[in-house]
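Novice: starting from these lines, generate the structure:
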Amino acid sequence: MHSNFITPPDYVETILIVNATDDVMTELASFVKTSGRPYNVYFYNDSMNERDWFDLIKSKADVILDAETKNPLEYFNK
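Specialist: Next comes the predicted model:
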């Protein structure tokens, strides 16, 4: 675990990605590593069976992406 200490004017966008495959997670990891922009990216799928955690992150997320309906990389590449 790590903590972020953030001061103005910086902002770290929080993104929740649902139903991502291992390939999607690998691609996103490569992208954010070189993007030069910070992100907090959370991943969830129903097999995790952590609905309370999901609801908590969902309420905090700036963006929620469902990898089953659209490739999350499209959001990051805009």
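Novice: going by C-alpha atoms from here, please, whenever you check contacts or count neighbours.
Specialist: Noted.
Novice: please save the CA atoms from the helix ranked longest in the chain in PDB.
Specialist: When secondary structure is assigned using DSSP state H, the longest helix within the chain turns out to be helix 22-35. Output in PDB follows, covering the C-alpha atoms of helix 22-35 (Å, rounded to 0.1, in the frame of the first residue of the first chain):
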ATOM      1  CA  ASP A  22      -5.900  -9.500 -17.700                       C
ATOM      2  CA  ASP A  23      -4.900  -8.200 -21.100                       C
ATOM      3  CA  VAL A  24      -6.800  -4.900 -20.600                       C
ATOM      4  CA  MET A  25      -5.100  -4.500 -17.200                       C
ATOM      5  CA  THR A  26      -1.700  -5.100 -18.700                       C
ATOM      6  CA  GLU A  27      -2.300  -2.600 -21.500                       C
ATOM      7  CA  LEU A  28      -3.600   0.000 -19.000                       C
ATOM      8  CA  ALA A  29      -0.600  -0.500 -16.800                       C
ATOM      9  CA  SER A  30       1.800   0.200 -19.700                       C
ATOM     10  CA  PHE A  31      -0.200   3.200 -20.700                       C
ATOM     11  CA  VAL A  32      -0.400   5.000 -17.300                       C
ATOM     12  CA  LYS A  33       3.300   4.200 -16.700                       C
ATOM     13  CA  THR A  34       4.300   6.400 -19.600                       C
ATOM     14  CA  SER A  35       1.300   8.800 -19.700                       C
END
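Novice: that helix: how far from the chain's middle?
Specialist: Mean-position distance between helix 22-35 and its chain equals 10 Å (CA atoms, centre = their mean, to the nearest Å).
Novice: please name every helix or strand in contact with the very next helix or strand once past that helix.
Specialist: Past helix 22-35, further along toward the C-terminus, the next helix or strand under DSSP states H and E is strand 39-44. Packing partners of strand 39-44 (3 or more CA pairs under 8 Å, 6 or more residues apart in numbering; DSSP states H and E): strand 13-18.
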